[in-house]
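Colleague: the following block contains a protein sequence and its predicted model.
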Amino acid sequence: MDDQNKNLILATALSFLVILVWFLLFPPEEPVPPAEQPVASEQAPTVDPATGAPIASVPGSAETGGGSEPAAPQPDAAASEVADAPRIEIDTPRLSGSISLLGGRIDDLDLTRYQETLADDSPDVTLLSPVGTDGAYYALYGWAPGGGLTAEDVPGTDTMWQVEQGNVLTPDTPVVLRWDSPSGLIFRRTITVDDAYLFEVTQSVENPTQEARRAAPYGIIARHGLPDDLANFFILHEGVVGWVNDELVEGGFKYDQVADFDVSPQLGVPGEVFGGVEQGWIGFTDKYWMTSLIPQQGVTSTLAVLYQPGPDIYQTRAIYPTLDLAPGATAEQTSRLFAGAKEWEVIRTYQNEEGIVNFLDSIDWGWFFFLTKPIFAVLHFLNIWIGNMGWSIIALTLLIKALLLPLAYKSYVSMAKMKELQPEMEKIKERAGDDRQKLQKEMMELYKKEKVNPASGCLPILLQIPIFFSLYKVIFVTIELRHAPWFGPFRDLSVPDPTSIFNLFGLFPWQAPPPESLLALIFIGILPIVLGVSMWLQQKLNPAPTDPTQQMIFAWMPWVFMFILGGFASGLLVYWIANNVLTFAQQYAIMRSQGYKPDLFGNIASSFRKSKPDAK
């Protein structure tokens, strides 16, 4: 067998092995249904941002002369109270929902640009929902008391706010809420929103009394139970995400890992506290959606992650610096809340123009981030230019092949030289006999003399493995591929091919097997079939090896790949088919440039002939 076939077998076998291990040993886990849990209890944070100690240990003002007892836990409002509370509408180009005046919580939010399914009557994606609904998920703000104040003197989760300004929250009309404390303090909360997904929340307190006061503002994102659409796939991070103290908070912070945390002495429940944060943010990420608390950058704050096992609540918290309130003074603290879709262009704008440090890392780029980031950036701009994600993937494939062309050309030229050296290599084998050390030495001298690298033939194929995985990651995690159409039946390139042999690709009126069923693995769609055919044709540029075992491997490899990759995202198959077609054309042209004319039709015909028995 010549070295060209050896290299092709090696590269193909390695590709097959990697994909097979990935597909069989690491299948997606079944989502764990959230357990039925009682309605949560929210606790007002009592952690001092500077020390991480309970806020009770923070010294009081000169007038009070010492510290106060920590605030008692504030019970969350009952579901019926939340449902009956008055609300302020949210209306932006991308969001719709409302803010509950009970606690001033942002707990009702739909993403109007995204629907649950492709059906015409599909509802919008719901991101946040109030207590009392399935999978309650919301953001709330408040104050932890200190310096002579008690829990009743500061607004908490069950405080009924009054509207001081604004009836509808829009990008042009902010909302101002007000609450007068029994202690005489006047609390205000000003909420603004941009035309995308970023809220700005300014918490202020006015002290018209004659006594100095102290209090610490905070923000909370609470999630009751696990999300219903949890993908629970090993290559995707779902759970807590953030950037804290120059590090990405991701590894070790999936939902099940947070639930297994040790009890934090500062929080009293399983969790972890990050103190002294000047540049950072923290929240929850799903496959396509995210919420994040974003403190004012450059101001020291404390971020925390915790889990309340009884009510099954996951929380992220931001506790801001304790404010001293002199008599007649007003103090305020401003922070931001991201609640929306992880759109690359929007998040990049927030990072580059709004100063949210490393916000693009909220998208799970994976191990090959040095490839996935530029690959997606190029794909994104191609899609803007072309206007169709399917054709953009094909254009991306063309660009990748152009970048790898010098290496491919060198590889094919090297393989052509290896063919020319076959007679000399046979002579070396005869001279060396069974002396493998002598054989290897003389072979290496020959390669060095002729300036040939025998391993270079498989490099272009091997380089496709990280590119393939990176594109798989891009298609799997980026929202720009969700519900992205190509043409005809291919209305969502992030899911497997919707066509099927079962109904003859839509010719018959019955439905194809669902993607998660065993039948779907057998009755594959048209894209996997085209993929198998393109791989088979690429093989036929070279004569079949003479060894029967190698012949069998070559004969079966395209069709094995066809069924293995049948359940992968359609966009990935589009890339692989385009790559095979371009590789075929590239290899054919380079072979002709080296004086070798591939007998494509002859090789195809020979594969259908039955081998004759050896004459005796």
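Modeller: Yep, it's here.
Colleague: C-alpha from now on. contacts and neighbour counts both.
Modeller: Noted.
Colleague: after the worst-scoring helix or strand of the chain on mean pLDDT comes which helix or strand?
Modeller: Ranking every helix and strand in the chain by mean pLDDT, DSSP states H and E puts helix 3-25 at the bottom, with a mean of 49. Moving toward the C-terminus from helix 3-25, the next helix or strand (DSSP states H and E) is helix 79-84.
Colleague: what packs against that next one?
Modeller: Packed against helix 79-84, as judged by 3 or more C-alpha pairs under 8 Å, 6 or more residues apart in numbering; DSSP states H and E, are no other helices or strands.
Colleague: could you give the mean pLDDT of it?
Modeller: Helix 79-84 carries an average pLDDT of 76.
Colleague: residues making contact with that helix?
Modeller: Contact partners of helix 79-84, identified using C-alpha atoms under 8 Å, 6 or more residues apart in numbering, comprise 39, 100, 102, 130-132.
Colleague: chain center to it: distance?
Modeller: On the basis of C-alpha atoms, centre = their mean, to the nearest Å, helix 79-84 sits 34 Å off its chain's mean C-alpha point.
Colleague: may I see the buried residues of it?
Modeller: Within helix 79-84, the residues scored as buried using 16 or more other C-alpha atoms under 10 Å are 82-83.
Colleague: put the alpha carbons of the helix or strand that it is followed by into CSV.
Modeller: Sequence-wise, the next helix or strand downstream of helix 79-84 (DSSP H and E) is strand 87-91. What follows is strand 87-91, C-alpha atoms only, in CSV (Å, rounded to 0.1, in the frame of the first residue of the first chain):
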residue,chain,number,x,y,z
ARG,A,87,-47.4,46.3,38.3
ILE,A,88,-45.6,48.7,35.9
GLU,A,89,-45.3,47.6,32.3
ILE,A,90,-42.0,47.1,30.5
ASP,A,91,-42.1,47.8,26.8
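Colleague: quick one: strands adjacent to strand 87-91?
Modeller: Strand 87-91 has the following sheet partners, assigned by DSSP bridges: strand 95-100 (antiparallel), strand 168-169 (parallel).
Colleague: tell me, how many neighbours does G276 end up with?
Modeller: 17 (other C-alpha atoms under 10 Å).
Colleague: so what are the sheet partners of the helix or strand hosting it and their directions?
Modeller: Assessed by DSSP H and E, G276 sits inside strand 271-277. Paired neighbours of strand 271-277 in the sheet (DSSP bridges): strand 301-308 (antiparallel).
Colleague: which parts of the longest helix seen in the chain are buried?
Modeller: Criterion DSSP state H: the longest helix present in the chain is helix 389-420. By 16+ other C-alpha under 10 Å, the buried positions in helix 389-420 come out as 389-398, 401, 407-418.
Colleague: what does stretch 239-254 give?
Modeller: By neighbour count on 16+ other C-alpha under 10 Å, the buried set for stretch 239-254 is 239-244, 248-250, 253-254.
Colleague: among these, show me the least confident.
Modeller: Among the buried residues of stretch 239-254, E250 has the lowest pLDDT, at 83.
Colleague: gap between the nearest residue to that one once chain neighbours are set aside and S292?
Modeller: Distances taken as C-alpha to C-alpha, 6 or more residues apart in numbering place V241 nearest to E250, at 5.1 Å, with adjacent residues excluded. According to C-alpha to C-alpha, to the nearest Å, V241 and S292 sit 8 Å apart.
Colleague: now the common contact residues for the two.
Modeller: Joint contacts of V241 and S292 (C-alpha under 8 Å, 6+ apart) are 282-284.
Colleague: A helix includes A196, no?
Modeller: No - under DSSP: H, G, I helix; E, B strand; the rest coil, A196 sits outside any helix and is assigned coil.
Colleague: assess the claim that it and V346 are in contact.
Modeller: Yes - using C-alpha atoms under 8 Å, A196 makes contact with V346 at a distance of 7.5 Å.
Colleague: the two: who's more crowded?
Modeller: Counted by other C-alpha under 10 Å, A196 and V346 do not tie: A196 has more neighbours, with 18 against 14.
Colleague: OK, contacts around the more buried one?
Modeller: Here A196 is in contact with 92-95, 340, 346 (criterion: C-alpha under 8 Å, 6+ apart).
Colleague: do G271 as well
Modeller: Each residue near G271 by C-alpha under 8 Å, 6+ apart is listed here: 258, 261-264, 304-307.
Colleague: who's the nearest residue to it once chain neighbours are set aside bridged to?
Modeller: Among residues not flanking G271 along the chain, L306 sits closest, at 3.9 Å (C-alpha to C-alpha, 6+ apart). Taking DSSP bridges as the rule, L306 bridges to G271, Q315.
Colleague: now the helix or strand hosting L527, how far from the centre of its chain.
Modeller: Per DSSP H and E, L527 falls inside helix 526-539. Counting by C-alpha atoms, centre = their mean, helix 526-539 is centred 30 Å from the centre of its parent chain.
Colleague: list the buried ones in that helix?
Modeller: Using 16+ other C-alpha under 10 Å as the test for burial, helix 526-539 gives 526-529, 531-539.
Colleague: what about G328, neighbour count?
Modeller: For G328, the neighbour count with other C-alpha under 10 Å is 13.
Colleague: and for it, nearest residue in space, chain neighbours not counted?
Modeller: P208 (4.6 Å).
Colleague: please, which helix or strand holds T126?
Modeller: Using DSSP H and E, T126 sits in strand 124-128.
Colleague: which is the next helix or strand following that strand?
Modeller: The element immediately downstream of strand 124-128 (helix or strand, assigned by DSSP H and E) is strand 137-146.
Colleague: the residue nearest to G271 reaches V258, doesn't it?
Modeller: Yes - under the criterion of C-alpha under 8 Å, L306 is in contact with V258, at a separation of 7.2 Å.
Colleague: can you give me every residue that contacts S100?
Modeller: By C-alpha under 8 Å, 6+ apart, the contact set of S100 is 82, 85-88, 106-107.
Colleague: and which of the residues you listed is nearest R317?
Modeller: The nearest member of these to R317, counting by C-alpha to C-alpha, is I106 at 14.8 Å.
Colleague: wait, doesn't the closest one sit right on A136?
Modeller: No - using C-alpha under 8 Å as the test, I106 is too far from A136 to be in contact (11.5 Å).
Colleague: picking that back up, other SSEs contacting the helix holding L527?
Modeller: Contacts defined by 3+ C-alpha pairs under 8 Å, 6+ apart place helix 526-539 against helix 548-564, helix 570-593.
Colleague: next one, pLDDT for the spatially closest residue to Q165 that is not a sequence neighbour please.
Modeller: The shortest distance from Q165 to any non-neighbouring residue, by C-alpha to C-alpha, 6+ apart, is to V176 (4.9 Å). On pLDDT, V176 comes in at 98.
Colleague: then A578?
Modeller: You'll see A578 listed with a pLDDT of 94.
Colleague: that one and I384: what is the separation?
Modeller: Using C-alpha to C-alpha, A578 is found at 20 Å from I384.
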